[in-house]
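In: Below is the sequence, then the predicted model.
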Amino acid sequence: EAGVTQSPRYAVLQEGQAVSFWCDPISGHDTLYWYQQPRDQGPQLLVYFRDEAVIDNSQLPSDRFSAVRPKGTNSTLKIQSAKQGDTATYLCASSFGDRNTLYFGEGSRLIVV
Amino acid sequence: GEQVEQLPSSLIVQEGASVLINCSYTDSASVYFPWYKQEPGKRLQFIIDIRSNMERKQNQRLTLLFDKKTKHLSLHITATQPGDSAIYFCSANNNRIFFGDGTQLVVKP
């Protein structure tokens, strides 16, 4: 079974630039999560979807971050006008239902200088 | 919102020792508590979970204890091996999933 796939694995930006991260969840998983993991901290939820619907985006900085999952499969997280404080690893995870085990991708490491 | 705290933040033990990782949460609506492990350079991986209607769960060398009244969990790992070296994360799920900041375990051969 293929796992959760994320790309790109690494990105280095200057402040003010934009980046998009892409996630392909495990086939059949209806729930998809995006987490931000700063260095030496645990993952912090940004947004999660059930199928194509946003269930919770209360922790997503909406002025610069956006996330979509248009067909209920792949998802894109976009950061516009990046700041140094956005430096972190962005993790995608998927599950079947929202009270079950999460399967994580390898993450996209973002450095903003 | 939910807050999850883990202690200790780091542990260094000799191979063969047992370790205990403690986790506390604040939201009584949390009903599912999965734990994950992150080895260096690898993705977060599920290792064991417990639901709020249980008090104990064992999976080989891992034992997870849950106290609903005190909102406390503890993960016991016996007969540790160098391959157990990783960061261990506790999480609490009340539809949204909250993670602790992890416990870094180093097992020396």
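Out: Looks like it came in fine.

In: I'd say A:Ser75 and A:Ser66 touch.
Out: No - taking Cβ atoms under 8 Å as the definition, A:Ser75 is not a contact partner of A:Ser66, at 11.0 Å. All C-beta spots, glycine's among them, are computed from the backbone N, C-alpha and C.

In: Helix or strand: which one has the residue nearest the centre of chain A?
Out: Nearest to the geometric centre of chain A sits A:Trp34, at 3.2 Å (Cα atoms, centre = their mean). Using DSSP states H and E, A:Trp34 sits in strand A:31-37.

In: Show me the beta-bridge partners of the residue sitting nearest the centre point of chain B.
Out: Central residue of chain B (Cα atoms, centre = their mean): B:Cys90, 4.3 Å from the mean position. Per DSSP bridges, the residues bridged to B:Cys90 are B:Trp35.

In: what sits against it?
Out: Counting by Cβ atoms under 8 Å, 6 or more residues apart in numbering or on different chains, B:Cys90 makes contact with B:4, B:6, B:21, B:23, B:33, B:35, B:73, B:75, B:99-100.

In: I'd like to know how far the closest residue to A:Thr5 other than its chain neighbours sits from B:Lys57.
Out: Nearest non-adjacent residue to A:Thr5, counting by Cβ to Cβ, 6 or more residues apart in numbering or on different chains: A:Asp24, 4.3 Å away. To B:Lys57, A:Asp24 is 31 Å away according to Cβ to Cβ, to the nearest Å.

In: more crowded one of those two?
Out: More neighbours surround A:Asp24 than the other of A:Asp24 and B:Lys57, with 18 against 15 (other Cβ atoms under 10 Å in any protein chain shown).

In: wouldn't that one be in contact with A:Val4 here?
Out: Yes - taking contacts as Cβ under 8 Å, A:Asp24 lies within contact range of A:Val4: 7.0 Å.

In: so who does the residue nearest to the centre of chain A touch?
Out: Per Cβ under 8 Å, 6+ apart, neighbours of A:Trp34: A:23, A:45-48, A:67, A:75, A:77, A:90-92.

In: Any figure for the gap between B:Leu64 and A:Thr87?
Out: Relative to A:Thr87, and taking Cβ to Cβ, B:Leu64 is found at 33 Å.

In: Tell me which of the two has more neighbours.
Out: Legend: neighbour count by other Cβ under 10 Å for B:Leu64 and A:Thr87, higher for B:Leu64 (24 against 17).

In: Beyond the host helix or strand of that one, next helix or strand please.
Out: Using DSSP H and E, B:Leu64 sits in strand B:62-67. Of the helices and strands lying after strand B:62-67 in sequence (DSSP H and E), the nearest is strand B:72-77.

In: same for that following strand, what does it pack against?
Out: strand B:19-25, strand B:62-67, strand B:86-93 (3 or more Cβ pairs under 8 Å, 6 or more residues apart in numbering or on different chains; DSSP states H and E).

In: Lowest average confidence across helices and strands of chain B, where is it?
Out: strand B:97-99 (a mean of 91; mean pLDDT, DSSP states H and E).

In: residues near A:Val54, how many?
Out: The burial count assigned to A:Val54 is 13, neighbours taken as other Cβ under 10 Å.

In: Identify the residue nearest the residue of chain B found nearest chain A in space, chain neighbours excluded?
Out: Closest approach of chain B to chain A (Cβ to the nearest Cβ) occurs at B:Phe99, with a separation of 3.6 Å. Nearest residue to B:Phe99, sequence neighbours excluded (Cβ to Cβ, 6+ apart): A:Gly42, at 3.6 Å.
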